[in-house]
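**Q** everything below, folded, please.
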Amino acid sequence: MSKAFTSQADAWTEAISIVQKRYDREYRNEVFDLPEEVESMPLFREWVSHNLSSKIASPFWELAQFQKNQRCLDIGCGVSFLIYPWRDWEVYFYGQEISFVAKDALNSRGSQLNSKLFKGVQLGAAHQLSYKNDFFDRVIATGFSCYYPINYLKLVLLEARRVMKPDGILIFDAIAPDLELAENWAILETYLGAEVFLTALDEIQELVRSLGGKITAQRQGTLFCGYRVQWQS
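**A** Numbering: from 1, shown residues only. Presented below is the predicted three-dimensional model:
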């Protein structure tokens, strides 16, 4: 169990720790010892060549409708500030991340790229955000909901709503289980150390509605479906 989460341990501590360790290993460029049949998968070769992440990543900016000087929280941000054009969007970047390696990389280099826009990354889980109520104009939560069952996503959505301004926008994504890529990607991720949950998208959409959210736009990618959500007063 990761020492990062023992101080606020709950039912999700072990599941989060598993995902954290899987990504810490990748960010450190550690070698994964996988069966020959997995390494023979075309998807694995794309992953090894570092082409897979850009291919499957959700283009959250297309849904976010950024405006200058907005405050944006990127949950599960990875190394987002280093690879996406946040300086061009001119929004203030705040991050929360479970990977020690990604968090340290961003905090050591983010201010060098733009000390005005980069506001730092907190180490913490997506359902326990380290920010005050009604603070953000935009909240991004992409690339990680697939590692948890839908009842965890409910906690994440509630936390996102808490930290958002009443007129704020949430962008999150969910794996589209009916896509051809989904099952093979889930197999690969399992061997990399993290189980994938192939939850039906209609269940995800119903969850949003049950929490008072309205899906105002969506984008289908090669693996994930991205959603823009606003909360109904």
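**Q** starting at the chain centroid, how far to the strand ranked longest in the chain?
**A** Using DSSP state E, we find that the single longest strand of the chain is strand 164-175. Here strand 164-175 is found 12 Å from its chain centre; the criterion is C-alpha atoms, centre = their mean, to the nearest Å.
**Q** any idea which helix or strand comes after it?
**A** Later in the chain than strand 164-175, the nearest helix or strand by DSSP states H and E is helix 180-192.
**Q** return the set of buried residues in stretch 118-131.
**A** In terms of neighbour count (16 or more other C-beta atoms under 10 Å), stretch 118-131 has its buried residues at 118, 119, 121, 122, 123, 124, 125, 126, 127, 128, 129, 131. In short, each C-beta sits where N, CA and C put it, glycine included.
**Q** quickly run through the sheet partners of the longest strand of the chain, with directions.
**A** In the sheet, strand 164-175 lines up against strand 136-141 (parallel), strand 224-231 (antiparallel) (DSSP bridges).
**Q** mean confidence for the last one?
**A** In this case it means strand 224-231. Per-region confidence: strand 224-231 scores 97 on mean pLDDT.
**Q** same check on the shortest one?
**A** This predicted structure assigns strand 136-141 an average pLDDT of 98.
**Q** which residues does that strand contact?
**A** Here strand 136-141 makes contact (C-beta atoms under 8 Å, 6 or more residues apart in numbering) with 60, 64, 66-67, 70-77, 91, 94, 126, 156, 160, 163-165, 168-173.
**Q** just the buried residues of those residues.
**A** 60, 64, 66, 70-77, 91, 94, 126, 156, 160, 163-165, 168-173.
**Q** show me the strands in the protein, by range?
**A** 71-75, 92-97, 118-123, 136-141, 164-175, 213-220, 224-231.
**Q** okay, now the unreliable bits of the chain?
**A** 1-9, 233 (pLDDT under 70).
**Q** one step back: what is the most widely separated pair among the buried residues of stretch 118-131?
**A** Of all pairs drawn from the buried residues of stretch 118-131, the greatest distance, 24.2 Å, lies between 118 and 127 (C-beta to C-beta).
**Q** spatially nearest residue to residue 59, not counting backbone neighbours?
**A** Excluding the flanking residues, the one nearest residue 59 by C-beta to C-beta, 6 or more residues apart in numbering is residue 219, at 6.8 Å.
**Q** which residues does that neighbour bridge with?
**A** Applying DSSP bridges, one finds that residue 219 bridges with residue 226.
**Q** hang on, it packs against residue 174?
**A** No: Residue 219 is not in contact with residue 174 according to C-beta atoms under 8 Å; the separation is 11.8 Å.
**Q** list the residues that contact both of those two?
**A** residue 225.
**Q** so between the two, which is more surrounded?
**A** residue 174 (24 against 16; other C-beta atoms under 10 Å).
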